[in-house]
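# Here's a sequence, model it:
(one chain, ligands or ions: 1)
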Amino acid sequence: MPAFTSAAPGKIILFGEHAVVYGRPAIAVPVAGVRARAMISADPRAAEGRVRIQAPDINLEADLDKLPGSHPLAAALRAVLSDLGLPRSPACHIRIKSTIPVASGLGSGAAVTVALIRAYSAFLGKPLPDEKVNALAFEIEKLHHGTPSGIDNTVITYAMPVYFQRKPTGPIIETFNVPQPFQIVIGDTGVRSPTAVSVRDVNKGWQAETEYFERLFDQIGSITEDARKMIEAGQPSRLGALMDENQALLVQMGVSSPPLDRLIQAARFAGAFGAKLSGGGRGGNMIALVNGNIAEVVRQALKDAGAVRTLLTPVKSC
Ligand code: PMV
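Numbers count the residues shown, from 1 in each chain. Purely as a prediction, here's the structure:
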């Protein structure tokens, strides 16, 4: 049997994080410069049903049947088996590698899950369609984050810019065109910050001051709508001001932090058109809108301000 490999990109949220958990729209785009990869090959020498998993980035080397049901890798594999109606797996060896930094807002967990679901279903002879991959990955996201909106698994599954809104009847997922590509610099604070924690804290705030938080979410929702219109109208340079406005609301929500604020300021001083945190916040990554002339200047300014990593990513139709 040949080896089956699948790769999935990272992602950034351009607009609407946190508010998206409360039903407002958000926009996310893939980041092709980082990726998670799953490689699966049959292991004819192993006993039937033995699934050996190696994930050196998280120091994991284990048999599937030794992992608890709540382990995201095990849960993803079991979800595929169950969806395909297979009682057990052929013996195989699974290797997972990722260049996406963990707990930093780049969607590392969702990318590993999507790559794994695709490679495993292909290995089993029944590659799953995107819609199913996305639905299974959403279930696994719940193990990572508790109450995910579903935007991470969606943008990573479709690997295209996505406008996403959670609705009681199911999510609105719209991929859209970017007639005028633009560039984003990503700066990593190096502070690992689990999304579940900031999502929980926002929820505590929302419970204590519902009206105040609902107003913030509404304002973020309308910024996201405006941003989509500008992107589709081919006017990305006007997004900078919207990024700054979105950031001000995230600060009011309590999810920014001194290291994020420092990098955001540094990017703006270096000439970025706008900047904000991206993802859960508190740590992780910030993003800045740039063009070809200032991209390197902004990257250097971010490094000087303490970014442990910077990445330049294009936003374009795929
Ligand atoms: O930290 P990330 O990249 O996983 O993004 C989280 C985005 C939130 O809106 C804060 C949570 C969610 O599930 O949408």
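
# Near the ligand, which residues of the stretch 1-150 of the chain are found?
Applying Cβ under 6 Å from any ligand atom, we find that the stretch 1-150 of the chain lies next to the ligand at 13, 17-18, 20-21, 105, 107, 145, 148-149. Placement of C-beta: from N, CA and C, glycine included.

# Least confident of those residues?
Least confident of those in the model: His145, at 77.

# Among the residues of the stretch 1-150 of the chain next to the ligand, name the ones in strands.
Those of those mapping onto strands are Ile13, per DSSP state E.

# Only the buried subset of the residues of the stretch 1-150 of the chain next to the ligand, as a ChimeraX command please.
Filtering these down to the buried ones (16 or more other Cβ atoms under 10 Å) takes a single ChimeraX command:
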select :13,17,18,20,21,105,107,145,148,149
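
# out of the residues of the stretch 1-150 of the chain next to the ligand, which one sits closest to Ile27?
Proximity of those to Ile27 (Cβ to Cβ) peaks at Ile13, which lies at 7.3 Å.

# Quick one: residues contacting that closest one.
For Ile13, the contacting residues are 20, 26-28, 105, 151, 278-279, by Cβ atoms under 8 Å, 6 or more residues apart in numbering.

# Next, find the distance separating it from Leu106.
10 Å (Cβ to Cβ, to the nearest Å).

# Kindly report the same for Pro161.
Pro161 is 16 Å from Leu106, by Cβ to Cβ.

# Next: Pro236.
Counting by Cβ to Cβ, the gap from Pro236 to Leu106 is 21 Å.

# Could you do Thr169 as well?
Distance from Thr169 to Leu106, by Cβ to Cβ: 30 Å.

# cool, Ala38 as well?
Applying Cβ to Cβ, the value for Ala38 to Leu106 is 17 Å.

# can you check Met286 too?
Between Met286 and Leu106 the computed distance is 12 Å (Cβ to Cβ).

# Can you work out which residues contact both of the two?
Ile186.

# residues touching Ile147, list them.
To be clear, residue 147 is Thr; Ile isn't right here. Applying Cβ under 8 Å, 6+ apart, the residues contacting Thr147 are 21, 199, 203.

# Likewise for Val162?
27-29, 151, 154-155, 173-176.

# Nearest to the ligand among those?
In terms of Cβ to the nearest ligand atom, no member of these lies closer to the ligand than Ile151, at 4.8 Å.

# who's in contact with the closest one?
Contact analysis of Ile151 by Cβ under 8 Å, 6+ apart lists 13, 20, 26, 28, 162, 164.

# Domains in this structure, by residue range?
Following automatic domain parsing, one finds the domains of the chain at 4-175, 182-315.

# hang on, the earlier thing: take the contacts of Val162 and keep only those in strands.
Those of the contacts of Val162 mapping onto strands are 27-29, 173-175, per DSSP E.

# Can you get me a residue count around the residue lying closest to Ala159 once chain neighbours are set aside?
Sequence neighbours aside, Pro30 is the residue nearest to Ala159 in space, at 4.8 Å (criterion: Cβ to Cβ, 6 or more residues apart in numbering). When neighbours are defined as other Cβ atoms under 10 Å, Pro30 has 26 of them.

# residue contacts, Pro30?
Pro30 is in contact with 9-11, 155-156, 159-161, 318, counting by Cβ under 8 Å, 6+ apart.

# how does it look with 7 Å?
By Cβ atoms under 7 Å, 6 or more residues apart in numbering, the residues touching Pro30 are 9, 11, 155-156, 159-160.

# quick check, nearest of those to Asp63?
Of the contacts of Pro30, the one sitting nearest to Asp63 (Cβ to Cβ) turns out to be Ile156, at 27.0 Å.

# if I look at that closest one, how far off is the ligand?
Distance, Ile156 to the ligand, by Cβ to the nearest ligand atom, to the nearest Å: 10 Å.

# Could I get the contacting residues of that residue?
Counted by Cβ under 7 Å, 6+ apart, Ile156 has contacts 8-9, 11, 30, 107, 110-111, 114.

# picking up where we left off before, just send the contacts of Pro30 back as TSV, with pLDDT and distance to Pro2 too.
Below are the contacts of Pro30 laid out as TSV (pLDDT from 0 to 100; distance: Cβ to Cβ, whole Å):
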residue	pLDDT	distance to Pro2
Pro9	97	24
Lys11	96	29
Val155	96	29
Ile156	97	25
Ala159	95	23
Met160	93	28
